[in-house]
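*Asks:* Fold the following for me, if possible:
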Amino acid sequence: MKVEEVMNKVVVAVGLEDSVFDVIKALAKNRDGRVVVLNQREEPVSVITTRSVVAGFAEYGEKVYELKAKDLMSEGFIAVSPSEDVERVIRVMVSNGIGGVPVVENGVILGMYTERQALSLASSEAFAGVVDSIMTKNPLTIRGDADVLEASKLMFSKNIRRLPIVEGDKLIGIITAGDVVKQLAKGKPNGKVTEVGTLNPITITPYHRIFQVARLMLEKNIGTLPVANERLEGIVTERDVLLSLVTVF
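*Replies:* Predicted coordinates for the structure are as follows:
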């Protein structure tokens, strides 16, 4: 299967000199969690993700709004051609630790392939494996009385995109980099994680099949599922599902 057959053809782009606030507003509306940065010649040169914004907010606080797109964009630019096999594209994503790649031909951006598109591959009943084999056990958590900036600093320092919200050892919610971006898009950098994140999230057990998890993520349009019974045992993310795909190629 070629990546052009399954890529998302709707790509959001920003310019080097666009304000970070405009970038944040664009990201808040984009399910892929990334926007492409174009240079003055309208050529793609970089990508800004929700994680990029969280990193900027963690470092600059409210002053992040004073920055421009070029201040947050990643160094280097990893892209693939539309004729690439999906298998190779997934390996490129895994080896570079990224959640998506622009699809480019002759300097023109044609689409984006992300972890979200990869979920469709893992949603087949033929895909073996259970959650316990891929979940992150004993994940980092955050207290319910913590604020968004504290959550952002923790995500940035630990290079993660989501934090289960707990009271003692009880799971009460989850906050993601996407939630932080949506809050910043409102022009409101303050707020408790319980006000910004998702309370009473959908949970799964360690014995759910991986294909069931992929289907649930697609159905509910979510990228993270806590693994919990009476207490939090772990989390499974789109990235975990992506990594599991590599083992079957």
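*Asks:* can you give me the strands for the protein?
*Replies:* For the chain, strands defined by DSSP state E occupy the ranges 13-15, 34-38, 44-49, 100-105, 108-114, 136-137, 142-143, 162-167, 170-176, 198-199, 224-228, 232-237.
*Asks:* Dump those into TSV; add mean neighbour count, mean pLDDT and distance to M93 as well.
*Replies:* (C-beta placed from N, C-alpha, C; glycine too.) Putting the strands of the chain into TSV (neighbours: other C-beta atoms under 10 Å; pLDDT from 0 to 100; distance: least, C-beta to C-beta, whole Å) gives the following:
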stretch	mean neighbour count	mean pLDDT	distance to M93
strand 13-15	17	95	20
strand 34-38	22	94	12
strand 44-49	22	94	12
strand 100-105	21	94	6
strand 108-114	20	94	8
strand 136-137	13	93	18
strand 142-143	19	96	27
strand 162-167	22	95	18
strand 170-176	22	95	19
strand 198-199	14	95	25
strand 224-228	23	94	17
strand 232-237	24	94	13
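*Asks:* phi, psi of the residue of the chain most remote from its centre?
*Replies:* Among the C-alpha atoms of the chain, the one most distant from their mean position (C-alpha atoms, centre = their mean) is that of R41, at 28.3 Å. The phi and psi torsions at R41 (degrees, to the nearest 10) take the values phi -90, psi 10.
*Asks:* Reformat the strands of the chain as TSV; add distance to L218.
*Replies:* Shown next, in TSV, are the strands of the chain (distance: least, C-beta to C-beta, whole Å):
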stretch	distance to L218
strand 13-15	25
strand 34-38	18
strand 44-49	20
strand 100-105	16
strand 108-114	13
strand 136-137	20
strand 142-143	27
strand 162-167	18
strand 170-176	17
strand 198-199	17
strand 224-228	12
strand 232-237	14
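*Asks:* Next one, pLDDT for the residue nearest the centre of the chain please.
*Replies:* The C-alpha lying nearest the average C-alpha coordinate of the chain belongs to G33 (C-alpha atoms, centre = their mean; 5.7 Å). The predicted structure scores G33 at 88 on the pLDDT scale.
*Asks:* neighbours around the closest residue to it other than its chain neighbours, how many?
*Replies:* What sits nearest to G33 in space, not counting adjacent residues and going by C-beta to C-beta, 6 or more residues apart in numbering, is T50, at 4.6 Å. Counted with other C-beta atoms under 10 Å, the burial measure for T50 works out to 26 neighbours.
*Asks:* who are the neighbours in contact with T50?
*Replies:* Applying C-beta atoms under 8 Å, 6 or more residues apart in numbering, one finds that T50 lies in contact with 27, 33-34, 161, 176-178, 180-181.
*Asks:* Look at it and report its pLDDT.
*Replies:* Among the per-residue scores, T50 holds a pLDDT of 95.
*Asks:* In this structure E84 contacts K2, no?
*Replies:* Yes: with contact taken as C-beta atoms under 8 Å, E84 and K2 are classed as touching, separated by 6.9 Å.
*Asks:* Comparing the two, which residue is more hemmed in?
*Replies:* Comparing E84 with K2 by other C-beta under 10 Å, the one with more neighbours is E84, at 18 against 14.
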